[in-house]
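Novice: This is a predicted model, with the sequence first.
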Amino acid sequence: MNQAAGYSIVTLMDKDQIAALGASLRQIDQKLLTPGKEEGITRVWYQGGEPYFDVFVELRQGKIQWFQFTLRGKSISWNPEHSGWQSGTTNELRADDITFYPASKVIENDKHPDWEFIQLVRSILETRAGEDIFDQILALFDTEN
């Protein structure tokens, strides 16, 4: 929720908008990523076709260890060590944040998961079904609801 404007930043989207967002995700060259802190962790980053749209994944031996999706100032993440799904808001759309640096974002977690946003994310990712990493992410939705 954008407190200044008092309305939801992520509005209802039609199937064409959802498909366009999914199709816009492009994998960023691995060489541009900071290596994982733990040995054996591989980081994967997909950037979408609009500002503030990213998918980050950490893999160990090809299996997801952590996942984060950000879009229009909202985020969800999955981490098995922190009870599965977490939603939140990012500082990317805050005009009053003078510390903001475009290559980083701060996420403030919600008290309760935003299931409406989580389902929207699922819909966007379903447009990429059939690709291994997206199939792994989609499987998380089936096990963590």
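Specialist: Nice, I can see it. Numbering: from 1, shown residues only.
Novice: Determine the set of other helices and strands touching the lowest-mean-pLDDT helix or strand in the chain.
Specialist: Lowest mean confidence among the helices and strands of the chain (mean pLDDT, DSSP states H and E): strand 107-109, at a mean of 78. On a contact count with 3 or more CB pairs under 8 Å, 6 or more residues apart in numbering; DSSP states H and E, strand 107-109 meets strand 84-90. C-beta coordinates here come from the backbone N, C-alpha and C atoms, glycine included.
Novice: Just the mean pLDDT for the strand it packs on, thanks.
Specialist: Average pLDDT, strand 84-90: 87.
Novice: Could I get the buried residue list for stretch 16-25?
Specialist: By neighbour count on 16 or more other CB atoms under 10 Å, the buried set for stretch 16-25 is 18, 20-22, 25.
Novice: partners of the longest strand seen in the chain, with directions?
Specialist: Using DSSP state E, we find that the single longest strand of the chain is strand 63-71. Taking DSSP bridges as the criterion, strand 63-71 forms sheet pairs with strand 54-60 (antiparallel), strand 74-79 (antiparallel).
Novice: who are the neighbours in contact with the closest residue to residue 25 other than its chain neighbours?
Specialist: Once flanking residues are discounted, residue 25 sits nearest to residue 46: 4.3 Å by CB to CB, 6 or more residues apart in numbering. Taking CB atoms under 8 Å, 6 or more residues apart in numbering, we find residue 46 in contact with 25-28, 54-56.
Novice: now swap in residue 90 and tell me
Specialist: Residue 90 sits next to 52, 70, 73-75, 105-108 when contact means CB under 8 Å, 6+ apart.
Novice: which one in those is the model shakiest on?
Specialist: Taking the contacts of residue 90 together, the minimum pLDDT is found at residue 105 (65).
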